[in-house]
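In: Have a look; sequence and predicted model below, questions after that.
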Amino acid sequence: MKSKVLGIICVRAGSKGIKNKNLLKINGKTLLEITILQAKRSKLIDRLIISTDSKKMIKIAKKLKVEVPFIRPAYLSTDNAKEWDVWQHAIKFMDVNLNYKADTLACVPITSPMRSHKDIDLCIKEFQKDKSRPLITVSDSKRNPFFNMVKLNKKKRYDLVIKKKKYSRRQDAPKVYDVSTIAFISSCKFVLNNNHLFAKGVRALKFDSEKSLDIDSVHEYKIAKLYLTKNR
């Protein structure tokens with residue numbers, strides 16, 4: 001039997017980092033529209049839904065003929081709400097209310113406009129090779145907590161984030177990666193039976209820094225806008 005892959009795009013009315021981030025536009029399309037169009041072109045996502053509490057987001061989704069099966073509950077729409085709980089809610093709702101029991105959940109965040117639908121499918125294919133653990137996407141990190149990242153300690157002094165062993169060269173420090181937001185893939189069973197993504201370790205698929213650009217600041221938005229406008 002073919003595995004059912006439920007695609008989900010999670011968007012809230014509010015945004016902590018950039019105001020109305022989901023509605024920022026690149027080449028005339030909002031980040032939400034860009035993400036929807038990428039996910040709709042996926043050949044492996046069987047059913048795509050939006051989880052949101054925003055009337056504006058619902059309007060955009062319906063315009064692009066994407067399913068909004070529920071309005072996200074208020075308790076899952078606060079600044080402190082965990083996206084993991086949003087995933088659990090969506091999986092349960094689809095099963096109980098729409099009799100749609102998915103095997104795999106593919107979360108496609110709106111902050112990665114540089115990715116393509118092929119990247120999403122590549123992630124799903126890689127996950128399907130070993131479904132025992134979730135799959136995340138990563139890129140090479142520019143900073144390393146073992147070598148050149150510091151934190152402010154209780155004595156108001158700066159020290160290495162991790163200083164179990166001091167390294168004098170970056171090349172000698174353990175290899176670390178940045179988690180990107182190209183896609184997060186997991187079995188629905190794992191999401192329902194665990195409390196967070198890293199509960200039992202994850203697998204990772206590496207992408208280059210360009211595709212991995214994650215819009216979390218105005219600066220990153222400007223970079224994405226400049227690149228995508230130039231290469232449209």
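Out: Yep, it's here. Just so it is clear, the structure is predicted and the values come from calculations on it, not from any experiment.
In: domain ranges for this protein?
Out: The chain breaks down by automatic domain parsing into domains covering 5-138+178-230, 142-175.
In: Check those domains for me and report the most buried one.
Out: Mean neighbour count (mean count of other CB atoms under 10 Å) peaks for domain 5-138+178-230 among the domains of the chain, with a mean of 17. The way it works is simple: take the backbone N, C-alpha and C, and place the C-beta from them, glycine included.
In: now this protein, which segments are flagged as low pLDDT?
Out: The chain contains residues with pLDDT under 70 at 1-2, 14-17, 232.
In: hmm, who's touching the helix ranked longest in it?
Out: The longest helix of the chain (DSSP state H) is helix 83-98. Outside of helix 83-98, the residues within contact range by CB atoms under 8 Å, 6 or more residues apart in numbering are 6, 8, 10, 47, 49, 51, 69-70, 72-73, 76, 100-102, 105, 107, 186, 188, 191-192, 195-197.
In: Can you get me the centre-to-centre distance for that helix and its chain?
Out: 17 Å (CA atoms, centre = their mean, to the nearest Å).
In: Give me the next element, helix or strand, following it.
Out: Sequence-wise, the next helix or strand downstream of helix 83-98 (DSSP states H and E) is strand 104-107.
In: residues in contact with the next helix or strand after that following strand?
Out: Once the chain leaves strand 104-107, the next helix or strand it forms, by DSSP H and E, is helix 117-128. Defining contact as CB under 8 Å, 6+ apart, one finds that helix 117-128 is touched by 3, 5, 38-45, 104, 106, 108, 134-135, 137, 182-183, 185-186, 203, 205, 207, 211.
In: In helices only, show me these.
Out: In helices, defined here by DSSP H, the members of the contacts of helix 117-128 are Gln38, Ala39, Lys40.
In: Tell me who's in contact with the last one.
Out: It refers to Lys40. By CB under 8 Å, 6+ apart, Lys40 lies in contact with Leu48, Leu64, Val66, His117.
In: same thing but at 6 Å, please
Out: Residues near Lys40 by CB atoms under 6 Å, 6 or more residues apart in numbering: none.
In: any idea how far it lies from Thr30?
Out: In this view, Lys40 and Thr30 are 15 Å apart by CB to CB, to the nearest Å.
In: what do you get for the second one?
Out: Applying CB to CB, the value for Ala39 to Thr30 is 14 Å.
In: and the helix or strand containing Tyr221, C-alpha only, in PDB?
Out: Using DSSP H and E, Tyr221 maps to helix 218-230. Listed in PDB are the C-alpha atoms of helix 218-230, where the atom choice follows Å, rounded to 0.1, in the frame of the first residue of the first chain:
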ATOM      1  CA  VAL A 218      14.900  41.800   7.600                       C
ATOM      2  CA  HIS A 219      18.500  41.300   6.400                       C
ATOM      3  CA  GLU A 220      17.800  37.700   5.300                       C
ATOM      4  CA  TYR A 221      14.600  38.800   3.600                       C
ATOM      5  CA  LYS A 222      16.500  41.400   1.600                       C
ATOM      6  CA  ILE A 223      19.000  38.800   0.600                       C
ATOM      7  CA  ALA A 224      16.300  36.400  -0.600                       C
ATOM      8  CA  LYS A 225      14.400  39.100  -2.400                       C
ATOM      9  CA  LEU A 226      17.500  40.400  -4.200                       C
ATOM     10  CA  TYR A 227      18.600  36.900  -5.300                       C
ATOM     11  CA  LEU A 228      15.100  35.700  -6.400                       C
ATOM     12  CA  THR A 229      14.400  39.000  -8.200                       C
ATOM     13  CA  LYS A 230      17.700  38.800 -10.000                       C
END
